[in-house]
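Engineer: quick one: sequence and predicted model below, then my questions.
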Amino acid sequence: MASNKSIDKSKLLKRLKKDVKKIYADAIAKYNLEVDRVIEDPNEFSNLGFVEQDIVDTGRLRDSKVIETQGELSTRFSWDPVDPETGYHYASAVFWGFNAYGSSNFVPGRPWSERAVYNLDLVNYISERLKKKGYKAKVIKDDTRTIGKV
């Protein structure tokens, strides 16, 4: 027969999994909205010289967003707009930058997905939500990544 201590741990683990899934789903929903806001905000990339100029031209980039749930705690966002006249897949050009058509002028990239993550500070958001639920959560940073630890 299981001890009370193991039953308590089992209940705690079940509660933790449920809470993490809910917080993750909330974070993904926030990120989804923030990505669209970043793409549509005419001043989001003013630090790169884009003032009163959002990423939306035809709306194909924004509208090409695909969200794939790859597991309970894994979601993939992707964008793959195609110019109907040329067949050119241009999301990477907008993200990384490109030489303007017919000139040698370089147009800086506007990494909308990274900006949304930065704006929301998702790792700290998740950590704070866990703390509000009573868990000891902290953010560990190293040179290559940010890791949440519960």
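Structural biologist: Noted; the coordinates are in hand.
Engineer: from the chain's centre, how far out does stretch 108-125 sit?
Structural biologist: In terms of Cα atoms, centre = their mean, to the nearest Å, the gap separating the centre of stretch 108-125 from the centre of its chain is 6 Å.
Engineer: quick one: end-to-end length of that stretch, please.
Structural biologist: Its first and final residues considered, stretch 108-125 spans 29 Å by Cα to Cα, to the nearest Å.
Engineer: from now on call the first residue 8
Structural biologist: Renumbered: residue one is now 8, and that last one reads stretch 115-132.
Engineer: contacts for it, please.
Structural biologist: Stretch 115-132 is contacted by residues 34, 37-38, 41-42, 44-46, 51-52, 55-57, 62, 84, 100-105, 146, 153-155 when judged by Cβ atoms under 8 Å, 6 or more residues apart in numbering. Every residue, glycine included, has its C-beta placed from N, CA and C.
Engineer: buried ones in it, by neighbour count?
Structural biologist: 116-120, 122-123, 126-127, 129-130, 132 (16 or more other Cβ atoms under 10 Å).
Engineer: repeat for stretch 83-100
Structural biologist: 86, 88, 97-98.
Engineer: for that stretch, measure first residue to last.
Structural biologist: Termini of stretch 83-100 sit 20 Å apart (Cα to Cα).
Engineer: what about it, average pLDDT?
Structural biologist: Stretch 83-100 carries an average pLDDT of 91.
Engineer: what ranges in this structure fall below the confidence cut-off?
Structural biologist: 8-14, 148-157 (pLDDT under 70).
Engineer: please repeat the previous calculation with a cut-off of 90.
Structural biologist: For the chain, the stretches with pLDDT under 90 are 8-20, 60-61, 63-66, 77-79, 89-93, 95-97, 107-111, 129-131, 133-134, 142-157.
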